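> here is a sequence together with a model predicted from it:
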Amino acid sequence: MSRKLIPIVAMQSFLSIAVAHARNDPPPSSDRTWAPPQLPKYESELAQRRSTESKVSINPKKVYGLAELIDIAQRNNPETRVAWEHARQAAAAVGLSESAYYPYLAASAAAGYDRAFIPFPNLAVSPNFLANPSLNNVRITGGGSLVTDARVYRGELNAKWLLLDFGERTAVVRGARERLMMANVGFNGTHQKIVFEVTDRFYKLGSARQQVLVSQSALDAARLVEQAVQARVENGLATKPELLQSVQQRAQSEFDVEATTGAESDARVALVESIGILPTVPLKVADLGQGSMSVEGDRSINELIEQALSQRPDLVVKLANVHAKEDEIHKVRAEYYPKVAFAGHASETELDVSIRNSPYFGDAKPTFGAFLTLELPIFDGFARQRQMDMAQAELRAAESELAGARDTAVREVWKAYTDFRTALRKQDSATKLVTASQNAFDAVLESYQHGLSTYPEILNAQRNLTSARSVSHDTLAAIYTGAAALALSTGELARPSTNTVKPLPTSTGAVRPMGR
């Protein structure tokens, strides 16, 4: 062995031993936790990694409305960036499938040394060989070898071009384009989902804030009642149990204030999460507005269902999936036909040979060739038939998924429509209920102060007022969230303009909320 090879062999042996003795063991038992050997390394790396920072700067002094929060979420939520990268990946897959139409070229070069030998026998020839040249007159008496040393230098260019495949490449490209459509529409669907989440959580936060005000109003009313009961007790017109009940009611109202304040904090965290920023970021959110809103008042349920069935992103994705499965069947069918291809090569080779330490001799010559090949599979163990069965089954499954998704869409539109209409009808009644409850409470309180009503009557009036206020605010929030849910169910929420949609979406701001 050459001395130069000894260090290389020693290093290879060391690496082999190190790999063989590496810690690749599972946990030693099932009854306790275990620290894998590489766990400290991963924990150290996690500690050094910085948290994902917001892509949008938040002004702590600004009060953000719903439209601004949606814009921030579309540019900052990680889900939009993930969906964007998936769309980019699908676009690259289309280009990859189209590369099959181009010829394949590969260049290679090699240089090397080769030592070989050729055995040569020593022959003894009989004197009668010339008169009778046969094998019997020639015998081997020994032998030797001819040793050659060769130096080879070679450069080569190979080419291969598929000329005819009866539509297999076309089916592959069409399938890739359908998957690109799925990714692009899925990208828009992700934006619609985020827009709805931000909208829903914005109104839930507004409703939670209103509930805090309702509970605070209930506390103020409880204090008024307690003061009224205290005054009647001092005048000997009320009993101590009534006073204790009023104190209990005030304490309950104070508890409700704390509970609703906690619910408001949870609603704020949920809104911030949907936007894609950390809860520690100071963010001021606008209160619910009382202005009029756009209502789908002139559109029937049948029109909304028809709209949903023609434009919902999830249905478009299902339809594109059906097309992709159809293209897969075309691809498998094309594999039954022959493939015609061109293959060629051109090279330059230099070969120098030395025999028995003689001077090197040789030559350099070009070599080339071209071939037209025809390949036709005859029997493959029924592999293509099984592939066809699988492709047809996948197509039937995709068609069933599309049919099921259409039925689901109809149910979702119907439910969103009825919920929205119900919330609209309840709004007027809720407003009247608040007015009536407030008037009743004021009247009962005044009557109680004059000794004309009992404590249970004023307590009941107070509870009715608190409930009416809560119902009113919940109804208002339900109207807004119902409108957003209806727009989402029809595919209209944050729908991009069909005149400006590009084949591949941009990472930020590609889809905007309605009316902006």
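Yep, that arrived.
> worst-scoring helix or strand of this protein, pLDDT-wise?
The least trusted helix or strand in the chain, going by mean pLDDT, DSSP states H and E, turns out to be helix 5-20, with a mean of 60.
> and the helices in the stretch 251-400 of the chain?
Applying DSSP state H, counting those that start in this stretch to the stretch 251-400 of the chain gives helices spanning 301-311, 313-334, 383-449.
> which among the ones you listed is found nearest to F371?
helix 313-334 (22.5 Å; C-beta to C-beta). No exception for glycine: its C-beta is placed from N, CA and C like everyone else's.
> that closest one to helix 301-311, inter-axis angle?
Relative orientation of helix 313-334 versus helix 301-311 (axes from the mean of the first three to the mean of the last three C-alpha atoms, to 10 degrees): 40 degrees.
> pLDDT averaged over helix 313-334 - what is it?
Helix 313-334 comes out with an average pLDDT of 95.
> what does it contact?
Defining contact as C-beta atoms under 8 Å, 6 or more residues apart in numbering, one finds that helix 313-334 is touched by 165-168, 170-172, 174-175, 178-179, 181-182, 185-186, 188-189, 192, 308-309, 384, 387-388, 391-392, 394-395, 398-399, 401-402, 405-406, 409, 491.
> how about low-confidence regions in this protein?
1-24, 50-55, 128-136, 289-298, 497-516 (pLDDT under 70).
> for T490, give me its contacts.
Contacts for T490 (C-beta under 8 Å, 6+ apart) come out as 304, 307-308, 311-312, 413.
> now the residues you listed in JSON lines, with neighbour count?
Converted to JSON lines, the contacts of T490 look like this (neighbours: other C-beta atoms under 10 Å):
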{"residue": "L304", "neighbour count": "21"}
{"residue": "Q307", "neighbour count": "17"}
{"residue": "A308", "neighbour count": "24"}
{"residue": "Q311", "neighbour count": "14"}
{"residue": "R312", "neighbour count": "26"}
{"residue": "V413", "neighbour count": "25"}
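> and of those residues, the nearest to S253?
So of the contacts of T490, ranked by how close each gets to S253 (C-beta to C-beta), first place is V413, at 41.6 Å.
> okay but the closest one is in contact with E306, surely?
No: applying C-beta atoms under 8 Å, one finds V413 not in contact with E306, separated by 9.6 Å.
> are any of the contacts of helix 313-334 buried, and which?
Among the contacts of helix 313-334, those classed as buried by 16 or more other C-beta atoms under 10 Å are 165-166, 168, 170-172, 174-175, 178-179, 181-182, 185-186, 188-189, 192, 308-309, 387-388, 391, 394-395, 398-399, 402, 405-406, 409, 491.
> burial of V269, as a residue count?
Applying other C-beta atoms under 10 Å, we find 14 residues neighbouring V269.
> what sits against L105?
So L105 contacts 157-159 (C-beta under 8 Å, 6+ apart).
> is it correct that G491 is in contact with L309?
No: checked against C-beta under 8 Å, the pair G491 and L309 is beyond contact range at 9.1 Å.
> got the contact list for stretch 107-122?
Residues from elsewhere that reach stretch 107-122 (C-beta under 8 Å, 6+ apart): 140-158.
> is A364 bridged to anything, and to what?
E350 (DSSP bridges).
> quick thing: my sequence starts at 22, can you match it?
Renumbered: residue one is now 22, and that last one reads A385.
> what's around it, how many residues?
11.
> what does H366 give?
H366 is flanked by 16 other residues according to other C-beta under 10 Å.
> name the SS class of M203, please.
Following DSSP: H, G, I helix; E, B strand; the rest coil, M203 is assigned to helix.
> separation between it and D335?
Distance, M203 to D335, by C-beta to C-beta, to the nearest Å: 10 Å.
> likewise L144?
Counting by C-beta to C-beta, the gap from L144 to D335 is 87 Å.
> the two: who's more crowded?
Taking neighbours as other C-beta under 10 Å, L144 and D335 compare with D335 leading, 18 against 11.
> dihedrals phi and psi, A131?
Backbone geometry at A131, expressed as degrees, to the nearest 10, gives phi -150, psi 150.
> could you do Q237 as well?
Dihedral angles (degrees, to the nearest 10) for Q237: phi -70, psi -40.
> so it sits against V278, correct?
Yes: the pair Q237 / V278 is scored as a contact, 5.8 Å apart, by C-beta under 8 Å.
> these two: which is more packed in?
Counted by other C-beta under 10 Å, Q237 and V278 do not tie: V278 has more neighbours, with 19 against 16.
> separation between the more buried one and D308?
18 Å.
> cool, and G176?
76 Å.
> before we move on, what about P148?
126 Å.
> and what of Q231?
Remark: distance between Q231 and D308 (C-beta to C-beta) = 9 Å.
> residues contacting L309?
Applying C-beta under 8 Å, 6+ apart to L309 gives the contacts 224, 227-228, 230-231, 497-498, 501.
> measure how buried V465 is and give me the count.
Based on other C-beta under 10 Å, the number of other residues close to V465 is 22.
> re earlier: and the contacts of L309 as CSV, adding distance to Q448?
Formatted as CSV, those follow (distance: C-beta to C-beta, whole Å):
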residue, distance to Q448
Y224, 14
G227, 15
S228, 14
R230, 19
Q231, 14
L497, 7
A498, 11
Y501, 11
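> buried only: go through those for me.
For those, a burial check counting by 16+ other C-beta under 10 Å picks out 224, 227-228, 230-231, 497-498, 501.
> let me see the contact set for Y357.
Neighbouring residues of Y357 by C-beta under 8 Å, 6+ apart: 398, 405.
> and if we set it to 10 Å?
187, 189, 397-398, 405-406, 409 (C-beta atoms under 10 Å, 6 or more residues apart in numbering).
> what is the nearest of the residues you listed to S78?
E189 (51.6 Å).
> separation between the residue lying closest to the closest one once chain neighbours are set aside and S120?
Excluding its sequence neighbours, the residue lying closest to E189 (C-beta to C-beta, 6 or more residues apart in numbering) is A355, at 3.7 Å. A355 is 18 Å from S120, where distance means C-beta to C-beta.
> sorry, back to before: which residues are in contact with each of G512 and L330?
Shared contacts of G512 and L330, defined by C-beta under 10 Å, 6+ apart, are found at 336, 430, 434.
> turn these into a markdown table, columns for distance to P81.
Listed next are the shared contacts of G512 and L330 as a markdown table, based on distance: C-beta to C-beta, whole Å:
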| residue | distance to P81 |
| --- | --- |
| L336 | 42 |
| A430 | 42 |
| V434 | 41 |
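> so Y123 sits against L117, correct?
No: Y123 is beyond contact range of L117, at 11.5 Å (criterion: C-beta atoms under 10 Å).
> secondary structure element holding the residue lying closest to E433 once chain neighbours are set aside?
Closest residue to E433 apart from its sequence neighbours, by C-beta to C-beta, 6+ apart: S510 at 4.4 Å. Applying DSSP states H and E as the criterion places S510 in helix 476-511.
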